[in-house]
Structure formats: C-alpha cells, structure tokens
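Asker: sequence first, then the predicted structure, then my questions.
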Amino acid sequence: MNSAVLFGISTMSYIIAMIIYITYLAFRKSQVGLIATTVTVVGFVSQTFAILLRWKEFYEMSDMGILRAAPFTNLYESLVFFVWCLILGYLIIEFRYKNRSFGAFVTPIAGLALAFIDLTGMSKDIQPLVPALQSNWLLAHVIMSFIAYAGFALAFSTGLMYLIISSDKRSEPSYIFWTMATGIFVALLVAMGLDYLTFKMVIKNPDSLIKSYLFRASLRSSSTAVAVVSWAVVVAFIYLLWRYGNLLKKIVSSFGISPEILDEITYKSIAVGFPVFTMGGLIFGAIWADQAWGVYWSWDPKETWSLITWFVYAFYLHARLLRGWKGKKIAIVAVVGFIAVIFTYLGVNLLLSGLHSYGSME
C-alpha cells in the first residue's frame, strides 16, 4: 500500500465525518456522534501513516538527509499537513471538553481543503526540492507555521460559533457580520466549483484555472446575464441566511455549549498559535530567507501578508489581555484573522508572484 491510497482513505473519512457531524448537529443522537468521532479517528490514523510513508518515499528517491526529505515541499503536501494539524487539534478539543458539536464546524474546513486539491487538479507527485528549499530550516519553518494555522482555524470555528449563539437581533453588527462572512464563504466555494465543472476539461495548467478562470463561470462571466443572475443568487443566499440565521442559533445552542467555553477555546487556540507562528513562520522564515536569498526580509507578497496576519492576531491578544475585550468584538477579530490566513496561504500563492512562487499547484 502506498501513501496515495492512505491519503485517499483519509480524504473520504473526513468528508464522511463532516456529513455525520452535521447530521449529529441536526438530530442530536449520541450514537451518530460516536460514529462521527470514530470515522474522524480512522481518517487521522490513515493520514498519519500516509505522511510518514510519503516521507519515506521522498527520502528513498532523493540524495538528501531525512530532515530535508520532509513531505512539505509543495501546495498539495502543505494542505495535507494543515488538515492533519487541524484534525489533531480538533480531537484534542473534543476529548478535552467532551463535546462533539465542534466537529460540524471544524471538519468542513478539513473536507473543503482536501476537496480543493481535486478541484484545482494540483500535482500530487513527489517533486525534487528547488535549491531554495534545500535547507534544514524547512522542517521547523513549515511544521510550526501549519501548527499555528491549525490553531487559527480552530479559533475561527469556535469564534464563528460564539457569534452565532450570542447574536440575538438581526440588526446587531455581530449578527450581520457572521451571516455575511458565512454567506460569502459558501458562495465563493460554490462559484469555484462551477469554475471547475465548466473549465476543467478544457485547460491543462491548474494555475490557469485559478488565475485566468476564477469565477468566470458565474460572478465574472463574460455573459452579462449570467453574471447578474450569479450576483443576485449570492445576495439572495446571504439575505436568507440573515433572515433565518436564528434557526442555526437554536440548533447550536441546543447542545449546551456555553459562550464562555467557546471564548476560552478561541483564546487558547490563538494563544498557542501566535507564538508558534511568530517563531516558526516569521523568525525561522527570515533566517531561512537569509540563507536562501541573502536577505532576511524582502517584502515579498508572502512575507507581507504573513506580517499582516501576525498584526491581526497580535491585536487580538493585545485587545483581550490589555484592553479587556471579550465577547463578540474579539470573536470577530478571530474570524477576520483566519480570513487573512487563507489569503496568506492560498491567495498569495495563486494570485500573486514572488519568491514564494514555488508554493503553487504545479
């Protein structure tokens, strides 16, 4: 059995677990929740062995040492490792707080990340390292960055849950924010899916799918009628989410998750992720950049957006610890922070150019 088979098992497990967790959230059957957790654990174990096996495969085909053969050299491998860190963090939270309802908000992130791999047709082949990546700093920089990203993703999920259960009136800024953020997020994913179905068969370069065809099947269609209808559907979806968002609040609240617990998990996830990101993502990254390119900081788009992300989470901790912010305001910052993470990780790689262009889908 090779790593591809194990990755396939883990992908299917997470997608199935996502469906079961959402079912559990809707029907509140303990047996359904237990099945969801079991499927998630199966996927996690399979993915763990897949990563170790791919590491072994890379080591055997290269002339580099074991540390430099770490399977974190392209967008596919980094996405897989991000999902692994995310699921590990979720399982820790589930067993720590004895509540499975978080799974309905966390596993969709994992499932969508893995679906993005197939959606864009990115290469899954083991590829040789470019010279800039042939460094022992690779392991520390990448692993620590994605541990932090996973922590931020968990904070995004719990922060969004906090906003859902604590916002009562439709006129509240927090209610408007979470309905718009959720609606836009879902709409963009659907639009990307339409791009894939429309253009996948006529292009071979996956970068072109994103850079040249992004939202061309819907929101940016050359047909004015299609574009207008697409925008109208998005607006209607967001309106319906805003109009009936309290139904989701009732479902989430029925599980007895207190806002205090959600606020605590959000804070702890960021409190762990922020110093790890500071050390691994920025400091170790700067040292690695100096060795690879002869300069610690070049204002490359990836570096710039990493710094913006750092400032967002620094603001979160400053506002909470020194200004005493709690509740809805600080939960909104946690959600905004993960939006910055997504753009730092995917948007910069796919839409901008720079020294980090080796992180593309090819």
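Answerer: Yep, that arrived.
Asker: what is the rounded mean pLDDT of stretch 228-241?
Answerer: Taken as a whole, stretch 228-241 has a mean pLDDT of 93.
Asker: export that stretch to CSV, keeping only CA atoms.
Answerer: What follows is stretch 228-241, C-alpha atoms only, in CSV (Å, rounded to 0.1, in the frame of the first residue of the first chain):
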residue,chain,number,x,y,z
VAL,A,228,-26.1,39.4,-13.0
VAL,A,229,-28.0,36.2,-12.1
SER,A,230,-25.0,34.9,-10.2
TRP,A,231,-24.7,38.1,-8.1
ALA,A,232,-28.4,38.0,-7.5
VAL,A,233,-28.2,34.4,-6.2
VAL,A,234,-25.4,35.4,-3.9
VAL,A,235,-27.3,38.3,-2.5
ALA,A,236,-30.4,36.2,-2.1
PHE,A,237,-28.5,33.5,-0.3
ILE,A,238,-26.9,36.0,2.2
TYR,A,239,-30.3,37.5,2.8
LEU,A,240,-31.9,34.1,3.6
LEU,A,241,-29.0,33.3,5.9
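Asker: where in the stretch 201-350 of the chain is pLDDT low?
Answerer: For the stretch 201-350 of the chain, residues meeting the criterion pLDDT under 70 lie at 201-214, 346-350.
Asker: residues of stretch 245-261 that come out buried?
Answerer: 245-246, 248-249, 251-253, 255, 257, 259, 261 (16 or more other C-beta atoms under 10 Å). In short, each C-beta sits where N, CA and C put it, glycine included.
Asker: for the lengthiest helix in the chain, what is the distance to the chain centroid?
Answerer: Ranked by residue count, the top helix of the chain under DSSP state H comes out as helix 30-61. Using C-alpha atoms, centre = their mean, to the nearest Å, the mean C-alpha position of helix 30-61 is found 18 Å from that of the whole chain.
Asker: avg pLDDT for the very next helix or strand once past that helix?
Answerer: Counting by DSSP states H and E, the next helix or strand C-terminal to helix 30-61 is helix 75-97. The pLDDT scores in helix 75-97 average 86.
Asker: ok, now stretch 145-165?
Answerer: 89.
Asker: still on that earlier bit, now do the longest helix of the chain against helix 75-97, angle only.
Answerer: Here helix 30-61 runs at an angle of 140 degrees relative to helix 75-97 (axes from the mean of the first three to the mean of the last three C-alpha atoms, to 10 degrees).
Asker: so which of the buried residues of stretch 245-261 are in helices?
Answerer: Checking those against DSSP H, those in helices are 245-246, 248-249, 251-253, 259, 261.
Asker: re earlier: now the buried residues of stretch 245-261 as TSV including distance to residue 236?
Answerer: Below are the buried residues of stretch 245-261 laid out as TSV (distance: C-beta to C-beta, whole Å):
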residue	distance to residue 236
245	14
246	18
248	17
249	21
251	22
252	23
253	26
255	29
257	30
259	30
261	34
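Asker: return the closest of those with respect to residue 27.
Answerer: Ranked by distance to residue 27 (C-beta to C-beta), the buried residues of stretch 245-261 are led by residue 251 at 10.0 Å.
Asker: tell me how far that closest one lies from residue 322.
Answerer: 36 Å (C-beta to C-beta, to the nearest Å).
Asker: what do you get for residue 236?
Answerer: Residue 236 is 42 Å from residue 322, by C-beta to C-beta.
Asker: compare these two (neighbour count), which wins?
Answerer: Neighbours around residue 236 and residue 322, counted as other C-beta atoms under 10 Å, are more numerous at residue 236. The numbers are 11 against 8.
Asker: any idea how far the more buried one lies from residue 187?
Answerer: Counting by C-beta to C-beta, the gap from residue 236 to residue 187 is 10 Å.
Asker: repeat for residue 174
Answerer: 20 Å.
Asker: now do residue 250
Answerer: 24 Å.
Asker: residue 156 now?
Answerer: 18 Å.
Asker: who has more neighbours out of the two?
Answerer: More crowded of residue 156 and residue 187, by other C-beta under 10 Å: residue 156, with 26 against 20.
Asker: show the contacting residues for the residue lying closest to residue 255 once chain neighbours are set aside.
Answerer: Excluding its sequence neighbours, the residue lying closest to residue 255 (C-beta to C-beta, 6 or more residues apart in numbering) is residue 101, at 4.3 Å. Shown in contact with residue 101 (C-beta atoms under 8 Å, 6 or more residues apart in numbering): 21, 24-25, 252, 255, 257.
Asker: can we see that at 10 Å?
Answerer: Taking C-beta atoms under 10 Å, 6 or more residues apart in numbering, we find residue 101 in contact with 21, 24-25, 28, 33, 94, 161, 251-252, 254-257.
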